[in-house]
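Asker: Let's see this in three dimensions:
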Amino acid sequence: MFTSKTPRIKKLAEKYPEVIEKITGIFSGNVNIYVDYANVRPWSEKLQWHVEPRRLKQFLQSFDNVHFIKFYQGELIGDLRSQKEIKYLRSLEPRRFLLRTKPVKIMKFSVDATSIDAQSSVLLRRFIRASLLRKFDIETIEFLNAKLRRMNKSGVYELEDRKCNFDVELGTDMRVDHLTDDIDTFVLWSGDSDFADPIKYLLENNKKVALFATAGRISRELNDLVASGLFIFDIADTQNFICCLGEIGLKKHP
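Answerer: Numbering: from 1, shown residues only. Purely as a prediction, here's the structure:
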């Protein structure tokens, strides 16, 4: 059953009943929802709108059989913007909403090519897969090394990369919830191939699994599981229910 949590959701549900009906058909029995926010957030580039956590929570919890929403987000220690975001997400707890977070790892990679031979691929190997690098001719290697040297002359000698994935935590939570809670439907908001194994495990144990994602952001490994019973729902249909207020109506759907 669907019981709108806000007057706005009620109006939207009346306007787009087909969206509610479709999701209700997916949400069988007791439902747990797992949102890999680090994976979901980049979808905004393709969608041209953003998933707003509070509106997402209000919308999903309007489905009465949603048992828990588990939200996974990394925290950049010492960064005021990140801390503010975590504080905001914490404010959505505790009513059937659980935030899991951990520090974002910052990794630095040298791009110092000042002492590298123009025809050497030793530095490029750190960033380009060997199978692709072997296809490059000497001119390409020289060109790329020259680009790195120009970066060095402008003062750039290293790159910073941030990493924080919840593949292990999220996959473990799904398995544990399967064993300890009476959950019938597992809903994952992600398109990451690393979740193929836990999804396959749940399907093999006769659980219903649905993937909420956006077209073009779903890995081949997950698409392959459709034949085994995985449901895929395009979140574009939920735009006006879960996007920021200023982005309502930018797309044709819902």
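Asker: Show me where the protein has its helices.
Answerer: Counting by DSSP state H, the chain has helices at residues 7-15, 17-26, 37-40, 43-47, 53-60, 80-90, 130-133, 138-153, 167-180, 196-204, 220-223, 239-242.
Asker: can you put the ones you listed in TSV and add distance to Gln73?
Answerer: (Each C-beta comes from the backbone N, C-alpha and C, glycine too.) Converted to TSV, those look like this (distance: least, CB to CB, whole Å):
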stretch	distance to Gln73
helix 7-15	23
helix 17-26	23
helix 37-40	4
helix 43-47	15
helix 53-60	9
helix 80-90	6
helix 130-133	32
helix 138-153	32
helix 167-180	11
helix 196-204	19
helix 220-223	21
helix 239-242	16
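Asker: Those into TSV, with extra columns for mean neighbour count, mean pLDDT and distance to Phe212?
Answerer: Listed next are the helices of the chain as TSV, based on neighbours: other CB atoms under 10 Å; pLDDT from 0 to 100; distance: least, CB to CB, whole Å:
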stretch	mean neighbour count	mean pLDDT	distance to Phe212
helix 7-15	14	93	17
helix 17-26	15	95	9
helix 37-40	21	86	9
helix 43-47	15	81	10
helix 53-60	21	93	10
helix 80-90	13	90	18
helix 130-133	10	92	33
helix 138-153	14	95	39
helix 167-180	16	90	14
helix 196-204	18	93	13
helix 220-223	15	89	12
helix 239-242	22	91	10
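Asker: Which one, of those, ends up nearest to Ile116?
Answerer: helix 138-153 (6.1 Å; CB to CB).
Asker: Check which helices and strands the closest one is in contact with.
Answerer: Taking 3 or more CB pairs under 8 Å, 6 or more residues apart in numbering; DSSP states H and E as the contact definition, helix 138-153 has no neighbouring helices or strands.
Asker: check contacts around Trp189.
Answerer: By CB atoms under 8 Å, 6 or more residues apart in numbering, the residues touching Trp189 are 33-37, 39-40, 212-213, 235.
Asker: Now, the residues you listed that are in strands?
Answerer: 33-36, 212-213 (DSSP state E).
Asker: Looking at those, which is nearest Leu202?
Answerer: Tyr34 (11.2 Å).
Asker: Quick check: the gap between the closest one and Leu47.
Answerer: As for Tyr34, its distance to Leu47 is 20 Å (criterion: CB to CB, to the nearest Å).
Asker: Also Ala196?
Answerer: 23 Å.
Asker: cool, Leu124 as well?
Answerer: As judged by CB to CB, Leu124 and Leu47 stand 34 Å apart.
Asker: do the same with Asn65
Answerer: Taking CB to CB, one finds Asn65 at 27 Å from Leu47.
Asker: Gly246 too?
Answerer: As judged by CB to CB, Gly246 and Leu47 stand 14 Å apart.
Asker: Would you tell me which of the helices of the chain gets closest to Ser120?
Answerer: Distance to Ser120, taken as CB to CB, is lowest for helix 138-153 among the helices of the chain, at 7.2 Å.
Asker: Identify the residues contacting that closest one?
Answerer: 111-114, 116, 118-121, 123-124, 136, 157.
Asker: before we move on, back to that, among the helices of the chain, which comes closest to Ser190?
Answerer: helix 37-40 (4.5 Å).
Asker: what's across from the closest residue to Glu169 other than its chain neighbours in the sheet?
Answerer: With sequence-adjacent residues excluded and distances taken as CB to CB, 6 or more residues apart in numbering, Glu169 is closest to Arg100, at 6.2 Å. Beta bridges link Arg100 to Tyr72, judged by DSSP bridges.
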